[in-house]
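**Q** got a predicted structure here, sequence first:
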Amino acid sequence: MALSEKEMKLEKTYLRNASKEISNQLDILGKEIHVKEEEITEFKKVLWEDKGSIDSVEMQTGLMASQMEANFMLMKMEYYKKLLKIQYSPYFGRVDFKEDKEGKKAIYIGLTNVEKNLDYIIYDWRSPIASLFYDYGIGPAKYEAPDGQINGYMSLRRQYKIENKELIRVFDNDLNVVDECLQEVLSESSSEKMKNIVNTIQGEQNEIIRNISNKHLIVQGIAGSGKTSVALHRIAFLLYKIKNLKSANVLIFSPNNVFSEYISDVLPELGEDNAMNTTFHDFAQAYAKEFKSVETFTDFIERFYTGKESDPKLVSFKLSNKMIPVIEDYCNELENKIIITGNIETKFDVIDSEYLNYLLKERFNKLPLFSRIEKMAEHLCDKIGVSHGKNKRSFIKQIKELLNVKPDFKKIYQDLYKSDSFKKTYNKEYYLRLNVKKINYEDALCFIYLKGILNGFPYSNLIKQIVVDEAQDYNEMQYIILKKIFKNASFTVLGDVNQTINPYQRYETLEILKDILDENSKYVELTKTYRSSSEIIDYTNKILGLKHISAIRKPNNVPVKFRNDIRKLEGDIHDLKNRYNSVAIITKSREESISIYNKLKDKIENISLMEDNVKDFNKNLVVVPSYLAKGLEFDSVISYTDKENVYTNDERYLFYVVCTRCQHELIVYNGPTSF
């Protein structure tokens, strides 16, 4: 609805005054920070030069005061940086809300709070009152304040597009319609990196972002539903909401390094430092130190789809839930049969094997098997009255030598496949030949779990929030491992069972993960897609026979195109490149990506090849294998496979992932005939 001339004048005045106030605060803070930095530097200089004449109590008091000043200044610097981010676009939304028995109030919403004369002229989007903007349309509304629920009536919901302190556009709308602002954002071309969605967060997304009632959240969201954006905005909200939670306390598990780089701008855009980011591969490499390297998930997947895996049945078994009790039973077998076979002689005493076995089997039996050795060594030092250090190391060495099962985790893992627990479940034993330098992905998971049971999982109390993206490609053993290491952390797990590219396992529903996390878990589904046009959604629904997915983006009247002649590929690329900011040629395999790239690199300018170990890539025109495309989006996509390598029915989920990367226009070369 268009604003009257009077309303528009009032809005321009408010923007001008808000911008002026931000400029004033930036000026004051800038000078204050500069002065404080000089004062602290001068104080430390005086302390250093005159430390001989200052008594210790006075020095300690001065240092504490200096540290407090430094911490206070750091807070001001953080706020200064946030004001810098909003100075040209101070806010994006407004609601007019009348509390019961109170007057109407206009609430302007932006990336951070701005206060003037003890009143907020702009509210942080994460503040309780700002939830009105995301959760309600015109009519009765409420929000949870620190003192309890506030009820009232919302008479206005307004959105703004502001650039360089100028009001470009104003939207008045209700939540009951797909608003103009959202459609405008959806119609834009995709960017080099993921952007924040703070001005277009939808109600069902906001519910996930602001949930603090449940310790763990499990989100099943279809392709393009904004799962990753929701997770990142949830992190920003929790950093705002939870006292003493810092970005360093948050760990994100991304599917690959490319994706980690793609999402790296979102939290800084929201005024927060980036959280720690890893892949399960990098994580596994840190724990399987007996090997020089661990196979990446991409290489593991490639083994299957290129037919290089000689025993897919065994791989599937290793990744199945059946493998969990096999490993646990095998570890119990080891614990039952392990003994210390001799005495330890010291210059003070002879410690006989019976006592050593008592320590191993009874005194310290609450500890993981091989972690008992260190405790035994400490106990022996105390028993004979010698210091730890060299004596403790000597006892550890002697105990290990006297064990009938040595803590050689490589050998123990190899012997697992000859054990009764394995043979009983798999129906035959298996001779495992471990590569000295590199361990396969599926073996790395089993190896880490076995080593954790026998030696203890390395507990981490630094990490308080865990985010797992592309959750459907993790098996249950991986979640058990993560839960044991980060046992007090809260988990936000996001995935889509329809985008499973791991050919060896598939969840019917992610809700099953509630049993692994704990009872304070909530399962949520996101069924609206904001990424693709309705034409693309109609096609991708047919791939998997889906019916419940609803497209929010308006139709663009561009049908999905199909090709069988590679000679048209170059022309299609030029055509798409002229009309869109980003074009991706997504192949099934890495070999096809390399082959297509080599054919095109001398013919088409600025084409790039995406590889797993490269973080930076040119999104404008890129050739990418299907396994690396997860989570990314492009204006236009060409799905390409050789005629001899079309997607089979067993590979339809992989094909679905490829096609759902596309926003506006999809061309399929040598597509599956069965869809």
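**A** Yep, it's here. Computed from a predicted structure; not experimentally measured. Numbering: from 1, shown residues only.
**Q** next, count neighbours for the nearest residue to Glu309 once chain neighbours are set aside.
**A** In space, and not counting its chain neighbours, Glu309 is closest to Arg303: 4.5 Å by CB to CB, 6 or more residues apart in numbering. Backbone N, C-alpha and C define where each C-beta goes, glycine included. Applying other CB atoms under 10 Å, we find 19 residues neighbouring Arg303.
**Q** may I ask which helix or strand encompasses Arg303?
**A** Counting by DSSP states H and E, the element that carries Arg303 is helix 297-305.
**Q** can you tell me what sits against that helix?
**A** Contact partners of helix 297-305, identified using CB atoms under 8 Å, 6 or more residues apart in numbering, comprise 255-256, 279-281, 308-309, 312, 315, 440-442, 473, 501-504, 588-590, 612, 625, 627-628, 651, 654.
**Q** could you rerun that using 7 Å?
**A** 256, 280-281, 309, 312, 440-442, 501-503, 588-590, 612, 627-628 (CB atoms under 7 Å, 6 or more residues apart in numbering).
**Q** tell me which of those fall in helices.
**A** The helices in this structure, assigned by DSSP state H, contain 280-281, 312, 441-442, 590 from the contacts of helix 297-305.
**Q** from those residues, list just the buried residues.
**A** 280-281, 441-442, 590 (16 or more other CB atoms under 10 Å).
**Q** do I have it right that Leu156 meets Asp96?
**A** Yes - here Leu156 reaches Asp96: they are 3.7 Å apart, a contact under CB atoms under 7 Å.
**Q** assumed Leu232 was part of a strand.
**A** No - read with DSSP: H, G, I helix; E, B strand; the rest coil, Leu232 is helix and lies in no strand.
**Q** any idea of the pLDDT on it?
**A** If you check Leu232, the pLDDT there is 95.
**Q** quick one: it from Leu118, how far?
**A** Counting by CB to CB, to the nearest Å, the gap from Leu232 to Leu118 is 32 Å.
**Q** what of Glu511?
**A** Counting by CB to CB - Glu511 and Leu118 are separated by 47 Å.
**Q** ok, Ile340 next?
**A** In this view, Ile340 and Leu118 are 72 Å apart by CB to CB.
**Q** how about Asn321?
**A** Per CB to CB, Asn321 is found 58 Å from Leu118.
**Q** and stretch 563-577, end to end?
**A** The first residue of stretch 563-577 is 18 Å away from its last residue (CA to CA, to the nearest Å).
**Q** buried residues in that stretch, which are they?
**A** Quick answer for stretch 563-577 (16+ other CB under 10 Å): 563, 569, 572-573, 576-577.
**Q** likewise stretch 479-495?
**A** The neighbour-count check on stretch 479-495 (16+ other CB under 10 Å) flags 479, 481-483, 485-486, 489-495 as buried.
**Q** rewinding a little: which one's more surrounded, Ile340 and Leu118?
**A** For Ile340 and Leu118, the more surrounded residue by other CB under 10 Å is Ile340, and the numbers stand at 25 against 5.
**Q** pLDDT value on the more buried one, please?
**A** If you check Ile340, the pLDDT there is 97.
**Q** got the phi/psi numbers for it?
**A** Phi and psi for Ile340, reported as degrees, to the nearest 10, are phi -100, psi 130.
**Q** can you give me the separation between it and Asn435?
**A** Relative to Asn435, and taking CB to CB, Ile340 is found at 32 Å.
**Q** do Lys105 as well
**A** 67 Å.
**Q** where are the low-confidence patches of this protein?
**A** 1, 36-69, 175-191, 548-550, 613-617, 673-675 (pLDDT under 70).
**Q** how long is stretch 101-120 from one end to the other?
**A** 21 Å.
**Q** I would like the residues contacting that stretch, please.
**A** 18, 21-22, 82, 85-86, 90-98, 121-125, 127, 129-130, 133, 155, 198, 270-271.
**Q** repeat for stretch 138-151
**A** Outside stretch 138-151, the residues touching it (CB under 7 Å, 6+ apart) are 97, 99-100, 128-129, 131-132, 152-155, 157, 174.
**Q** which among those residues end up buried?
**A** Going by neighbour count (16+ other CB under 10 Å), the contacts of stretch 138-151 have 97, 129, 131-132, 152-154, 157 buried.
**Q** so after the one helix or strand Tyr330 maps to, what's the next helix or strand?
**A** Assigned by DSSP H and E, Tyr330 falls within helix 323-337. Later in the chain than helix 323-337, the nearest helix or strand by DSSP H and E is strand 344-345.
**Q** in its sheet, what does that following strand sit against?
**A** strand 350-351 (antiparallel) (DSSP bridges).
**Q** distance from the chain centre to the partner strand, please.
**A** Remark: strand 350-351 is offset 53 Å from the chain centroid, using CA atoms, centre = their mean, to the nearest Å.
**Q** what's next to it, contact-wise?
**A** Here strand 350-351 has contacts from 343-344, 380, using CB under 7 Å, 6+ apart.
**Q** tell me the bridge partners for the most centrally placed residue in the chain.
**A** In the chain, the residue lying closest to the centroid (CA atoms, centre = their mean) is Ile252, at 3.4 Å. With DSSP bridges as the criterion, Ile252 is bridged to Asn277, Val467.
**Q** these two touch, right, it and Phe280?
**A** No - taking contacts as CB under 7 Å, Ile252 lies outside contact range of Phe280: 11.5 Å.
**Q** show me where the stretch 151-300 of the chain has its strands.
**A** 166-172, 216-221, 250-254, 276-279, 293-294 (DSSP state E, counting those that start in this stretch).
**Q** JSON lines please, covering those strands and showing distance to Val405.
**A** Shown next, in JSON lines, are those (distance: least, CB to CB, whole Å):
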{"stretch": "strand 166-172", "distance to Val405": "70"}
{"stretch": "strand 216-221", "distance to Val405": "37"}
{"stretch": "strand 250-254", "distance to Val405": "34"}
{"stretch": "strand 276-279", "distance to Val405": "33"}
{"stretch": "strand 293-294", "distance to Val405": "25"}
